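**Student:** Predicted coordinates and the sequence they were generated for:
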Amino acid sequence: MTTAAVVPSALGGVLVASPSTSFREQVRRSLPERRWLFEEVQGGADALAKLESGGWQMLFLDRRLPDLDAEELVSIIRLRFPGTEVVLLDSDGGAAPLWPAARSPLLPVSYERSEPGAAPLPGMVGHSAAMQGVYRKARLVAPRDTTVLILGATGTGKELVARAVHELSPRRHRPCVVVNCAAIPETLLESELFGYARGAFTGAAQSYMGRISAAQGGTLFLDEVGELPLGLQAKLLRFLEQKEVQRLGSSEAVRVDVRVVAATNSDLERRIERGEFRRDLYYRLSAFPLELPALAERREDILPLAEHLLRTLAAGDGALPRLVPQSERLLELHAWPGNVRELQQVMERALILAGGSDWIEAEHICLGPCFASKHDRLDPEPMAEAKPC
């Protein structure tokens, strides 16, 4: 991290984002005596909204934002508004000249050069090109209340992306409530989502608020939304349109403030053609789609993921075992039909089979029948076969 004097190359809009009124005024007074378009906002979300209007040459950003993580916001702005220079300010740090003007007060200014490409989302690993678009789009949509539909095969990490969208949003201090639409029996799903009033049915001895109301102010993650019963889809659509919840056995509609993120491994368009999913609900849910690639489409991430899983699984158990080259090649050549979830299971079995050894040998890598054949290998050198489980 370095300090430097900052001077815009030409006249243009200057925006400052800080919760501190006195600090914003200090930045304003430090500007050279020119006719600047200068505006102030208190938080990161307001700064993004201002930048949407265009014409902003420079943004001074306080690290101590009340709503968004400043470093994450810098990454978003550099992707969406490359023409705007961003300067991070430490409002309570040391001193450095903001502009080299005799009357300018001293303000701490620090630059943070972003690494090439988008950084992985919180809780995720991998820098493959296939994931760069996912990271970038997730960061763009996270600060908004836009409904997100995450598409991808089982085990690709849809829930991780949903939780990252929540963590990168202004709602991160409120609940993130997860509902697996395929795991709850159809007869119970409506009451689980919308709640019920006391006496609504036999056994309803007290009222239940429901999962939607439990997510008030936060995020509702509807996993496997493609499995939602057709009869319940109309009620979910009404909730998305009206932002109201009506509990079973009650005539009162309760207003709720909930952001919805949904995920599915189903082909929803095909389900629509078969009359199993409402088209209008699909359009509501897919306002911003995010499609996750299969692990086989991001092979450069396999070894970093495997090492990360080993570190996680071995935490607190002493020395971390390392993969030998043959083990690495077995992992790289496998088809991974179960995606990251399958890789996690393989690494857990390998750690157990290694029995405290410093190395994960080829015989510890226990793969299914999908292991690539000898004809698919990258070189003719002999290699130990993986054991089918």
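**Tutor:** Okay, I see it.
**Student:** hey, where'd the strands end up in the stretch 101-250 of the chain?
**Tutor:** Applying DSSP state E, counting those that start in this stretch to the stretch 101-250 of the chain gives strands spanning 109-110, 148-151, 176-180, 219-223, 244-246.
**Student:** So which elements touch the fourth one?
**Tutor:** It stands for strand 219-223. Packing partners of strand 219-223 (3 or more C-beta pairs under 8 Å, 6 or more residues apart in numbering; DSSP states H and E): helix 158-167, strand 176-180, strand 259-264. Backbone N, C-alpha and C define where each C-beta goes, glycine included.
**Student:** which stretch in the strands of the stretch 101-250 of the chain has the least confidence?
**Tutor:** Looking over the strands of the stretch 101-250 of the chain, mean pLDDT reaches its minimum on strand 109-110, with a mean of 38.
**Student:** what's near enough to touch the spatially closest residue to Arg163 that is not a sequence neighbour?
**Tutor:** Distances taken as C-beta to C-beta, 6 or more residues apart in numbering put Cys176 closest to Arg163, at 6.1 Å, once the chain neighbours are dropped. Contacts were defined as C-beta atoms under 8 Å, 6 or more residues apart in numbering; by that measure Cys176 touches Ala162, Arg163, His166, Ala215, Gly218, Thr219, Phe221.
**Student:** Dump those to JSON lines, plus distance to Pro120 and neighbour count.
**Tutor:** Converted to JSON lines, the contacts of Cys176 look like this (distance: C-beta to C-beta, whole Å; neighbours: other C-beta atoms under 10 Å):
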{"residue": "Ala162", "distance to Pro120": "15", "neighbour count": "24"}
{"residue": "Arg163", "distance to Pro120": "13", "neighbour count": "21"}
{"residue": "His166", "distance to Pro120": "16", "neighbour count": "23"}
{"residue": "Ala215", "distance to Pro120": "26", "neighbour count": "24"}
{"residue": "Gly218", "distance to Pro120": "23", "neighbour count": "19"}
{"residue": "Thr219", "distance to Pro120": "20", "neighbour count": "24"}
{"residue": "Phe221", "distance to Pro120": "19", "neighbour count": "27"}
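**Student:** Closest to Glu71 out of those?
**Tutor:** Using C-beta to C-beta, His166 comes nearest to Glu71 of these, at 17.6 Å.
**Student:** thought the closest one was touching Thr219?
**Tutor:** Yes: assessed by C-beta atoms under 8 Å, His166 is found in contact with Thr219 at 4.2 Å.
**Student:** so what's in contact with the two at the same time?
**Tutor:** Joint contacts of His166 and Thr219 (C-beta under 8 Å, 6+ apart) are Cys176, Arg259, Val261.
**Student:** Show me what the first one is bridged to.
**Tutor:** So that's Cys176. Thr219 (DSSP bridges).
**Student:** The second one now?
**Tutor:** Residues found in beta-bridge contact with Arg259 (criterion: DSSP bridges) are Thr219.
**Student:** Would you mind confirming that Ala296 is in contact with Glu332?
**Tutor:** No: with contact defined as C-beta under 8 Å, Ala296 does not reach Glu332; the gap is 10.5 Å.
**Student:** Okay, now the unreliable bits of the chain?
**Tutor:** 1-12, 32-36, 91-118, 199-200, 202-205, 316, 318, 369-389 (pLDDT under 70).
**Student:** just to revisit the earlier point, Glu273 is nearest to which of the strands of the stretch 101-250 of the chain?
**Tutor:** Using C-beta to C-beta, the nearest of these to Glu273 is strand 148-151, at 16.8 Å.
**Student:** what does the closest one rub up against?
**Tutor:** 141, 158, 161-162, 165, 225, 260-265, 285-292.
**Student:** and if we set it to 7 Å?
**Tutor:** 141, 158, 161-162, 165, 261-264, 285-286, 288-292 (C-beta atoms under 7 Å, 6 or more residues apart in numbering).
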